[in-house]
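Student: Turn this into a model:
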Amino acid sequence: MKRKEFRFTVWILVIVIWVQSSFADETSTDIYQTVREGINRIGDVYSELIQSYVDSIDHQGLLRASIDGMLSKLDPYTVYLEKNEQQELEMLNTGTYGGIGVELGVRGAERELTIMSVFDGSPAARVGLRSGDIIIQVDTFSTKNWTTAVASKHLRGEPNTSVTITVKRGDEVLRFELIRAKIEIRDVAFVHMLEDKTGYIKLVRFSKNAGKDVAYAIDSLKKRGMEKLIFDLRQNPGGLLQAAIEVSSLFLDDNKTIVSVIGKETFGTQEYKSGKRCLFDGPMVVLVDNGSASASEIVAGALQDWDRAVIIGKTTFGKGLVQSVRPLKNNDALKLTTAKYYTPSGRLIQKVDYFHGVDSIHFYGKEYQSSHGRKMTSLGGIKPDIEVDAYEYGKLTNELVRQGLIGNFIHDSNFFNHQQWQLPIEIPDTLWNHWNAFLQSKGFVAPLEIDAEWTAVVQWFNTVTNHTDASIHIDALSRIIHENRAKVWQKEKDQVKRYLEIEIAATMYGSYGRYRQSLQGDPAINKSIEVLSSPEYLSSILNPPQ
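Tutor: Numbering: from 1, shown residues only. Okay, here's the model as predicted:
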């Protein structure tokens, strides 16, 4: 092993031990002695391996394994990042990335990598890629069994570099050569005016541009007469702390505490307050779910604590740990937890889910008060004022999606290609009949829990009884099975229609169409409109009698 490489390895180990020691008990008398002893112990083991281990050693692999093993004893968000693993951080910090400008998903029974939408003006749009195209190859690599994360690593890269994509579009196989470009992240995915002067903003992440994008959305809605607002943070995994501060400030008076960040003595306590840029002070609802995390929870928690908004949906994820990125040699980095988030009332956002959860347990179940005296319990995450379940699809819709039949119908249907659509979409009877004929041609039947057993029963009858007896029994049971399949269709028909309408909207209008159509029949949207339409209902939540 080269001397330079060994020295680099030792320095990495020093840093990792320092991270581990930073979580050590506060009563430790000589932290530097602990670090020295740790370096010596690891160095002794590493030296013996190099000199005496019988097989050849992958030094970089061994080094990475030792680092990952050490960090695994901490919280799940403290991780070692090699240069090629820092793209997501760069996207959040710069608001841009190098790529082709598509949103990806995995669809169908074969889990095919599918383009869900194409960004306007992007390299993908310029060469003619479409929503629904199935990516089967990137450069020389097959995409079979790829996740969207793996695909992103191959599709993203430095601007002005090339990538070749092969897609399946219906029965055609098409090849596209693209030049990557700088893609600006769209934090605000959708802005819309609903009924009764109610605006809607969908924020999907908190990058550098989040505050600016939300401010622009508010201004545009106010020009269209907005007096009430639904702010949707569902499935928003968070992002930058500063972005959360900027977004919260758009809805709060000057100098209101938004979040407290408390770490060890070396980190101290930092309190972040709202600025002087409140753009909207009208009635509002914030939508959250179990996919709302980190910065989303900071915003929802601050607006709830100040009785500024009604929170509707499901309890949030509960990620209240602050990560700091420390650059290392060789362009790698260490992302480590240095503090925790607390709402203005003092609630700890972090749920009890990792080894060093003593502080979380200390805060767990304690009662806090909002600015108007509402009682709130710290249970990890942000508990909504009104719980509303997400729209749930049944087994019928899920099976249609799993088999890829909805996508195949939309992209293969001549009837569909000649149809004119306006948002929101409502499927006419003619198309519904065409859809049913398509399913019949594919041999699709509504799934039942008994399907596997039914196949076994038919085989058993045919094996142990004569043909005539088997036919009588099978025919009788088949009629019952058929009746139950019909009941499934009757029960879940509206769900299938809704999913089909959303996919048609996405195909015709991209991500805008998907978000716009998804508002139809959304239980949380319907509840939000109900709350905002009744000042008395809204006041009873934010100003309850004491």
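Student: Give me the nearest residue to residue 250, chain neighbours excluded.
Tutor: Excluding its sequence neighbours, the residue lying closest to residue 250 (CB to CB, 6 or more residues apart in numbering) is residue 279, at 4.8 Å. For glycine as for every other residue, the C-beta is placed from the backbone atoms N, C-alpha and C.
Student: my guess is residue 527 is in a helix, correct?
Tutor: Yes: secondary structure assignment places residue 527 in a helix (DSSP: H, G, I helix; E, B strand; the rest coil).
Student: list the contacts for the residue nearest to it when sequence neighbours are not counted?
Tutor: Once flanking residues are discounted, residue 527 sits nearest to residue 388: 5.1 Å by CB to CB, 6+ apart. Counting by CB atoms under 8 Å, 6 or more residues apart in numbering, residue 388 makes contact with 312-314, 523-524, 527.
Student: what sits against residue 185?
Tutor: Shown in contact with residue 185 (CB under 8 Å, 6+ apart): 91, 95-97, 205, 207, 209.
Student: Would you mind giving those residues as a markdown table with pLDDT, distance to residue 253 and neighbour count added?
Tutor: Listed next are the contacts of residue 185 as a markdown table, based on pLDDT from 0 to 100; distance: CB to CB, whole Å; neighbours: other CB atoms under 10 Å:
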| residue | pLDDT | distance to residue 253 | neighbour count |
| --- | --- | --- | --- |
| 91 | 67 | 32 | 20 |
| 95 | 70 | 28 | 20 |
| 96 | 79 | 33 | 17 |
| 97 | 84 | 35 | 21 |
| 205 | 92 | 26 | 23 |
| 207 | 90 | 26 | 24 |
| 209 | 91 | 24 | 22 |
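Student: quick check, nearest of those residues to residue 285?
Tutor: residue 205 (20.2 Å; CB to CB).
Student: so what's residue 413 scoring on pLDDT?
Tutor: As predicted, residue 413 sits at a pLDDT of 67.
Student: What of residue 539?
Tutor: On the pLDDT scale, residue 539 gets 95.
Student: domains in the protein, as residue ranges please.
Tutor: Under the assignment automatic domain parsing, the domains of the chain span 3-73, 96-184, 188-323+339-390, 395-521.
Student: right, and those - which one's nearest residue 536?
Tutor: domain 188-323+339-390 (11.9 Å).
Student: mind listing the strands for the stretch 51-200 of the chain?
Tutor: 79-81, 96-99, 102-107, 112-118, 134-138, 141-142, 162-169, 172-179, 181-184, 188-193, 198-203 (DSSP state E, counting those that start in this stretch).
Student: if you compare the ones you listed, which one is most tucked away?
Tutor: Comparing the strands of the stretch 51-200 of the chain by mean neighbour count (mean count of other CB atoms under 10 Å), strand 198-203 ranks first with a mean of 24.
Student: strands paired with that one, and their directions?
Tutor: Here strand 198-203 has these sheet partners by DSSP bridges: strand 188-193 (antiparallel), strand 228-232 (parallel).
Student: Now the lengthiest strand in the chain - C-alpha only, PDB.
Tutor: In the chain, with assignment by DSSP state E, the single longest strand is strand 333-342. The C-alpha coordinates for strand 333-342 follow below in PDB (Å, rounded to 0.1, in the frame of the first residue of the first chain):
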ATOM      1  CA  ALA A 333     -17.700  14.600   2.500                       C
ATOM      2  CA  LEU A 334     -19.100  13.600   5.800                       C
ATOM      3  CA  LYS A 335     -22.800  14.400   6.500                       C
ATOM      4  CA  LEU A 336     -23.300  14.300  10.200                       C
ATOM      5  CA  THR A 337     -26.000  15.100  12.700                       C
ATOM      6  CA  THR A 338     -25.000  18.100  14.800                       C
ATOM      7  CA  ALA A 339     -28.300  19.300  16.300                       C
ATOM      8  CA  LYS A 340     -32.100  18.800  16.600                       C
ATOM      9  CA  TYR A 341     -35.100  20.800  15.600                       C
ATOM     10  CA  TYR A 342     -37.700  22.200  18.000                       C
END
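Student: mind putting the strands paired with strand 198-203 in a markdown table, distance to residue 253 and mean pLDDT included?
Tutor: Formatted as a markdown table, these follow (distance: least, CB to CB, whole Å; pLDDT from 0 to 100):
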| stretch | distance to residue 253 | mean pLDDT |
| --- | --- | --- |
| strand 188-193 | 23 | 95 |
| strand 228-232 | 16 | 98 |
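Student: how about those, which one is nearest residue 425?
Tutor: Nearest to residue 425, of all those, is strand 188-193, at 14.9 Å by CB to CB.
Student: can you pull the contacts of residue 268?
Tutor: Residue 268 neighbours (CB under 8 Å, 6+ apart): none.
Student: likewise residue 211?
Tutor: Residue 211 neighbours (CB under 8 Å, 6+ apart): 243, 245-247, 249-250.
Student: Using PyMOL, define a selection of the buried residues within these.
Tutor: Here is the PyMOL command that picks out the buried ones among those, judged by 16 or more other CB atoms under 10 Å:
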select buried, resi 243+245+246+247+249+250
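Student: Make TSV out of the contacts of residue 211 and add secondary structure, pLDDT and distance to residue 40.
Tutor: As requested, the contacts of residue 211 are exported to TSV (DSSP: H, G, I helix; E, B strand; the rest coil; pLDDT from 0 to 100; distance: CB to CB, whole Å):
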residue	secondary structure	pLDDT	distance to residue 40
243	helix	93	43
245	helix	96	44
246	helix	96	47
247	helix	98	48
249	helix	97	50
250	coil	98	53
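Student: Let's have the contacts of residue 211 in JSON lines, adding distance to residue 235.
Tutor: Below are these laid out as JSON lines (distance: CB to CB, whole Å):
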{"residue": "243", "distance to residue 235": "17"}
{"residue": "245", "distance to residue 235": "21"}
{"residue": "246", "distance to residue 235": "21"}
{"residue": "247", "distance to residue 235": "16"}
{"residue": "249", "distance to residue 235": "23"}
{"residue": "250", "distance to residue 235": "21"}
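Student: with the contacts of residue 211 in mind, which one is nearest to residue 332?
Tutor: Distance to residue 332, by CB to CB, is smallest for residue 243 among the contacts of residue 211, at 25.0 Å.
Student: Wait, that closest one touches residue 212, no?
Tutor: No: using CB atoms under 8 Å, residue 243 makes no contact with residue 212, being 9.4 Å away.
Student: what is in contact with the two at once?
Tutor: With CB under 8 Å, 6+ apart, residue 243 and residue 212 have no common neighbours.
Student: Quick check, pLDDT for residue 5.
Tutor: 49.
Student: Report the separation between the closest residue to residue 259 other than its chain neighbours and residue 340.
Tutor: Spatial nearest neighbour of residue 259, excluding adjacent residues (CB to CB, 6+ apart): residue 298 at 4.8 Å. Distance, residue 298 to residue 340, using CB to CB, to the nearest Å: 12 Å.
Student: The two: which is more packed in?
Tutor: Neighbour count, other CB atoms under 10 Å: between residue 298 and residue 340, residue 298 has more, with 28 against 18.
Student: Could you list the low-pLDDT ranges of the stretch 251-400 of the chain?
Tutor: 265-267, 353-364 (pLDDT under 70).
Student: for the strands paired with strand 198-203, which one sits closest to residue 138?
Tutor: Taking those one by one with CB to CB, strand 188-193 is closest: 24.9 Å.
Student: How far does the closest one sit from its chain's centre?
Tutor: Strand 188-193 sits 18 Å away from the centroid of its parent chain (CA atoms, centre = their mean, to the nearest Å).
Student: And for it, what's in contact with it?
Tutor: Strand 188-193 is contacted from outside by 199-204, 210, 213-214, 216-217, 220-221, 224-226, 511-512, 515-516, 519, using CB under 8 Å, 6+ apart.
Student: which stretch of helix or strand covers the residue nearest to residue 259?
Tutor: helix 295-305 (DSSP states H and E).
Student: helices or strands up against the next helix or strand after that helix?
Tutor: Sequence order places strand 310-313 as the next helix or strand after helix 295-305, per DSSP H and E. The contact analysis (3 or more CB pairs under 8 Å, 6 or more residues apart in numbering; DSSP states H and E) places strand 310-313 against strand 284-288, helix 295-305, strand 386-387, helix 523-532, helix 535-542.
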